[in-house]
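A.B. asks: One predicted model, sequence on top.
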Amino acid sequence: MTATGRKIVFACRIDDAAARERIQKLGTLVEAPEANSPEAIIEAAKDAQVLVVPYTAHALITAEVLDALPQLELIGSTYGGVRQNIDDLYALEKGLSVIHTGPTRIRPMAEYTLGLALSSLTQISNYHHCMKSGEAWPRMKFGRTRILHNRKVGVIGYGWIGQGVAKLFGHFTDQVQIYSSHATAESLRQDGFQKAESLDALFRECEVIILAGGYTPETHQMIRKAHFEAMADEALFINIARGKMVNQSEMIEVVEKRNIFLALDVFETEPLEADSPLRSNDRCLIAPHRANAPIEFEQRWTFLADELERFDRGEELMTALSTARAKVMSES
């Protein structure tokens, strides 16, 4: 089908005029923000070859939708993943291309993670809190702090975000270990990193440990009490992935009795409980799930225009999912 013959439906407004103009050149563009249910999606995407949806907490592109729209060639999400509201595995079975905007999240999330690490290691967040709360000059309150340079860093997960985090932290230290079920020791070595022997070994050996993998049934509460107990004195655990990948009650139990540090952007239950012990522990830096806040995330519209132009030219898509990749992406 020629470019001008395609109908392209976005179940949202495209909040970037330049990206919208580029996409309009690829066919007939329809923006349908009212299409916020499977039934409405079927109506809006009738005769469409391309369908892109925003993030929703409920299913939008279900198997029933895909069966009702057999002419579809490509489906995508304006979000960094697709499993939240798209039946990606069924779409792949039907031979559709499935895309997302994950690459636009890499640098923002990596820098946010770096911010958590540096603020925790240097105690900046605690000094700020004390001075704002009325302590005139808490200069000696937290003793000697640390910098990131030359410390051993462990990254759990080596997808888009894990790779970005490892690369950025690699500018501060050449001691970066990766725990990954799919990346080989040789490929990691070529990237300048070391493959961790095991998850247990990574927790034992690294001073800064970053959870950046995808949340699936297999990774549910994969980080448990034994891992936190294995951490070295003053080691730091950072979670920018999903709270449910950690057994939070066991984590709290250990941090209350051991001199380890936590920097958490996500929690098992969100919002975090008002009476959570994490709120009152000086060794816990906590943030309300805002790793996705940087304005650079809005480059997603330009990225989608890039992907749709590649699709129009018949080129390989940067984020086209494989079945194997889809199965390890976060489900929420």
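C.D. replies: Here it is on my side, so go on. Residues are numbered from 1 along each chain as shown.

A.B. asks: How about the helix or strand bottoming out on mean pLDDT in the chain, which residues are buried there?
C.D. replies: Across the helices and strands of the chain, mean confidence by mean pLDDT, DSSP states H and E is lowest for helix 323-327: a mean of 89. Neighbour-count burial for helix 323-327, counted by 16 or more other CB atoms under 10 Å, picks out 325-326. C-beta: built from backbone N, CA, C; applies to glycine.

A.B. asks: Contacts made by it with the rest, please.
C.D. replies: 82-83, 88-89, 92, 98, 182, 216 (CB atoms under 8 Å, 6 or more residues apart in numbering).

A.B. asks: Most neighbours among these, which one is it?
C.D. replies: V82 (26 neighbours; other CB atoms under 10 Å).

A.B. asks: That one: which element?
C.D. replies: Per DSSP states H and E: V82 is located in neither a helix nor a strand.

A.B. asks: Figure out how far stretch 10-18 is from the centre of its chain.
C.D. replies: 22 Å (CA atoms, centre = their mean, to the nearest Å).

A.B. asks: same thing with stretch 192-204?
C.D. replies: 21 Å.

A.B. asks: Buried by neighbour count: which residues of it qualify?
C.D. replies: Those would be 193-196, 199, 202-204, for stretch 192-204 by 16+ other CB under 10 Å.

A.B. asks: Over to stretch 273-292?
C.D. replies: For stretch 273-292, a neighbour-count test (16+ other CB under 10 Å) marks 276, 278, 283-287, 289, 291 as buried.

A.B. asks: what do you get for stretch 146-155?
C.D. replies: Those would be 146, 148, 151-155, for stretch 146-155 by 16+ other CB under 10 Å.

A.B. asks: contacting residues around it?
C.D. replies: Here stretch 146-155 has contacts from 114, 117-118, 121-122, 162, 165-166, 169, 172-179, 193, 196, 202-203, 205-210, 212, 234, using CB under 8 Å, 6+ apart.

A.B. asks: Could you tell me which of these belong to strands?
C.D. replies: 176-179, 208-210 (DSSP state E).

A.B. asks: quick one: low-confidence parts of the stretch 51-200 of the chain?
C.D. replies: For the stretch 51-200 of the chain, no stretch has pLDDT under 70.

A.B. asks: now the buried residues of stretch 192-204 in CSV, with distance to A19?
C.D. replies: CSV is the format used below for the buried residues of stretch 192-204 (distance: CB to CB, whole Å):
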residue, distance to A19
F193, 34
Q194, 39
K195, 38
A196, 39
L199, 40
L202, 40
F203, 42
R204, 47
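
A.B. asks: Just the ones of these in helices?
C.D. replies: If you go by DSSP state H, these have 199, 202-204 in helices.

A.B. asks: what about the strands in the stretch 1-150 of the chain?
C.D. replies: Using DSSP state E, counting those that start in this stretch, the strands of the stretch 1-150 of the chain run over 7-10, 28-31, 50-53, 74-77, 97-99.

A.B. asks: for the first one, what is the average pLDDT?
C.D. replies: Spelled out, that is strand 7-10. Averaged over strand 7-10, pLDDT sits at 98.

A.B. asks: then that strand to PDB, C-alphas only?
C.D. replies: Presented in PDB, the C-alpha positions along strand 7-10 are these (Å, rounded to 0.1, in the frame of the first residue of the first chain):
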ATOM      1  CA  LYS A   7      -5.200   5.500   7.400                       C
ATOM      2  CA  ILE A   8      -3.400   6.400  10.600                       C
ATOM      3  CA  VAL A   9      -5.400   6.600  13.800                       C
ATOM      4  CA  PHE A  10      -4.100   8.100  17.100                       C
END
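
A.B. asks: Is A320 in a helix, a strand, or coil?
C.D. replies: Classification of A320 using DSSP: H, G, I helix; E, B strand; the rest coil returns coil.

A.B. asks: Next, give phi and psi for the nearest residue to Q175 once chain neighbours are set aside.
C.D. replies: Leaving aside its sequence neighbours, Q175 sits nearest to K152 (CB to CB, 6 or more residues apart in numbering; 4.3 Å). Backbone torsions for K152, taken as degrees, to the nearest 10, come to phi -80, psi 120.

A.B. asks: Please report how far K152 lies from V208.
C.D. replies: For K152, the distance to V208 (CB to CB, to the nearest Å) stands at 7 Å.
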